[in-house]
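Colleague: structure for this input, please:
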Amino acid sequence: MPWKTMDVQEQRVRFVVAASRQEKPFTALCQEFGISRPTGMLWRERYQQAGLAGIAERSRRPQHSPRQTGWEWEQRVVEMRQRYPDWGARKLQVLLAREGVELTRSTVHRVLLRHDLVGAGARHRQALQRFERAAPNELWQMDFKSPKGWNAAIGPLSVLDDHSRYVVVLQAVWSTRAELVREQLISAFIRCGVPQAMLMDHGIPWWSTLAPGGATQLTLWLMKQGIELHWSGRRHPQTQGKVERFHGELERALQARGAPRKEPQAWLDGFRWEHNHVRPHEALGMQTPASRWRRSERVYDPQPPRWEYAAGAKVLKVDSSGKLWAWDKHWKISKALCGEWVQLERIGQRVLVYYCRTLIRELDLGNQHSTAVERWFPQSDAK
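Modeller: A predicted model of the protein is given here:
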């Protein structure tokens with residue numbers, strides 16, 4: 001029977017027997033049993049001193065533990081975990097330190113283990129790579145949470161700042177109607193200012209499968225505010241990694257704390273405040289999102305003037321059929337842009353078409369094709 005399939009004591013017995021017979025050089029024998037030379041010498045000495053009892057497996061737990069966490073501190077860890085049942089040791093360690101309880105992450109984790117407060121599903125691998133915008137409000141990510149855990153056809157609307165992970169909007173809209181989403185965005189723009197860009201998926205109400213380029217009245221309204229719009233890659237939710245991770249956090253909280261039966265918006269408001277001002281974020285060096293976020297200096301204008309393109313830019317007006325005339329041809333742009341002015345930027349035999357700050361079409365003068373630009377954002381945004 002190979003030694004690796006033996007129990008520990010049998011392995012040691014066979015080793016010391018072989019060593020005492022000097023059947024092989026000591027170093028070679030240690031290699032055969034897969035142990036270091038110092039370990040082999042220790043087993044041999046213990047056997048010589050105490051026989052089989054000397055080489056029996058010994059508990060590594062110290063007889064005395066002067067550094068064991070004090071009872072009061074341990075209770076504080078348990079209480080903190082009960083208050084935030086979906087938080088791990090790293091985050092609890094930061095909160096305890098704010099209250100003057102200095103414990104290592106491993107100590108907090110051991111306390112949770114002793115009290116059976118760590119489930120198998122609570123162990124998450126850390127992201128190997130993270131990407132974020134350099135400053136607050138450079139990019140906001142927007143999406144609807146899945147209806148899982150909510151007694152509704154659609155989950156809450158979430159808008160999150162890419163740089164700070166600050167949650168700007170967490171609203172129980174319960175609908176994908178454009179006017180309801182617009183109402184929430186107006187409120188956010190008034191409170192927080194206007195972002196430079198926004199990232200969304202190919203879903204209602206910010207994308208239309210029936211319109212060339214996916215333009216909707218909601219997206220046109222956002223463009224007129226000077227917001228550059230991006231859409232995630234199709235079937236690549238990791239492009240919106242930060243809002244997806246936030247939705248995972250929200251779902252774990254629902255499972256651990258229980259979904260609110262009454263006043264779900266009050267529950268969401270409390271959760272948003274906790275996420276922004278209390279919960280330490282590992283990607284932020286255990287800082288809170290609120291400590292990294294600030295209000296945008298761009299002010300919301302309910303009646304924005306006509307967009308001013310750069311001086312000298314080639315600007316044309318989209319006609320009533322959603323097309324424009326250029327290079328001896330009518331090019332399909334979008335019926336949603338009827339009567340609007342767009343900028344054309346030629347690069348060789350290709351022309352990029354912009355509405356305000358957002359790239360919407362590409363014209364190929366060589367093959368006479370007009371193509372909607374759908375994948376406007378890299379798929380490598382690692383959460």
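
Colleague: mean confidence score for stretch 140-152?
Modeller: Mean pLDDT, stretch 140-152: 88.

Colleague: and stretch 13-20, by the same measure?
Modeller: Average pLDDT, stretch 13-20: 77.

Colleague: likewise for stretch 210-227?
Modeller: 84.

Colleague: kindly export that stretch (C-alpha atoms) in PDB.
Modeller: Taking C-alpha atoms only, stretch 210-227 is exported to PDB below (Å, rounded to 0.1, in the frame of the first residue of the first chain):
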ATOM      1  CA  LEU A 210     -37.000  48.600 -33.900                       C
ATOM      2  CA  ALA A 211     -35.000  51.800 -34.400                       C
ATOM      3  CA  PRO A 212     -31.700  52.000 -36.400                       C
ATOM      4  CA  GLY A 213     -29.000  52.500 -33.800                       C
ATOM      5  CA  GLY A 214     -31.400  51.700 -31.000                       C
ATOM      6  CA  ALA A 215     -32.300  55.400 -30.400                       C
ATOM      7  CA  THR A 216     -35.300  56.100 -28.100                       C
ATOM      8  CA  GLN A 217     -36.800  59.300 -26.900                       C
ATOM      9  CA  LEU A 218     -35.100  58.700 -23.500                       C
ATOM     10  CA  THR A 219     -31.700  58.300 -25.000                       C
ATOM     11  CA  LEU A 220     -32.100  61.400 -27.200                       C
ATOM     12  CA  TRP A 221     -33.100  63.400 -24.100                       C
ATOM     13  CA  LEU A 222     -30.000  62.200 -22.400                       C
ATOM     14  CA  MET A 223     -27.800  63.100 -25.400                       C
ATOM     15  CA  LYS A 224     -29.300  66.600 -25.400                       C
ATOM     16  CA  GLN A 225     -28.000  67.100 -21.900                       C
ATOM     17  CA  GLY A 226     -24.500  66.500 -23.300                       C
ATOM     18  CA  ILE A 227     -24.200  63.000 -21.900                       C
END
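
Colleague: what residues does Arg306 make contact with?
Modeller: Going by Cβ atoms under 8 Å, 6 or more residues apart in numbering, Arg306 touches Trp341. C-beta here means a position set from N, CA and C on the backbone, and glycine is covered the same way.

Colleague: again with Asp161
Modeller: Asp161 touches 136-137, 139-140, 167-168, 195, 289, 293, counting by Cβ under 8 Å, 6+ apart.

Colleague: now it: how far from Ala172?
Modeller: Distance, Asp161 to Ala172, by Cβ to Cβ, to the nearest Å: 20 Å.

Colleague: try Tyr355
Modeller: Tyr355 is 32 Å from Ala172, by Cβ to Cβ.

Colleague: so for these two, which sits in the more crowded spot?
Modeller: Tyr355 (25 against 20; other Cβ atoms under 10 Å).

Colleague: show the contacting residues for the more buried one.
Modeller: Residues in contact with Tyr355 (Cβ under 8 Å, 6+ apart) are 220, 223, 307, 337, 340, 342-343.

Colleague: got it, and Ser296?
Modeller: 136-137, 192-195.

Colleague: at 7 Å instead, please
Modeller: Neighbouring residues of Ser296 by Cβ atoms under 7 Å, 6 or more residues apart in numbering: 137, 192-195.

Colleague: tell me which of those fall in helices.
Modeller: In helices, judged by DSSP state H, the following of the contacts of Ser296 are found: Cys192.

Colleague: quick check, nearest of the contacts of Asp161 to Tyr47?
Modeller: Nearest to Tyr47, judged by Cβ to Cβ, of those is Pro289 at 59.5 Å.

Colleague: so for stretch 141-160, what gets flagged as buried?
Modeller: By 16 or more other Cβ atoms under 10 Å, the buried positions in stretch 141-160 come out as 141-145, 149-150, 154-160.

Colleague: just the residues contacting it, thanks.
Modeller: Under the contact criterion Cβ under 7 Å, 6+ apart, stretch 141-160 has outside partners 140, 162, 166-176, 181, 184, 188, 198-201, 240, 242-243, 246-247, 250-251, 254, 259, 268.

Colleague: ditto for stretch 179-196
Modeller: By Cβ under 7 Å, 6+ apart, stretch 179-196 touches 137-140, 157, 159, 168-169, 171, 173, 205, 218, 221, 225, 227-228, 295-300.

Colleague: mind checking which of those are buried?
Modeller: 137-140, 157, 159, 168-169, 171, 173, 205, 218, 225, 227-228, 296, 298, 300.

Colleague: quick one: the helices in the stretch 101-250 of the chain, in order.
Modeller: Taking DSSP state H, counting those that start in this stretch, the helices of the stretch 101-250 of the chain run over residues 105-114, 178-192, 217-224, 241-257.

Colleague: so how far is the last one off the chain centroid?
Modeller: Looking back up the chat, that one is helix 241-257. Computed by Cα atoms, centre = their mean, to the nearest Å, the chain-centroid distance of helix 241-257 equals 10 Å.
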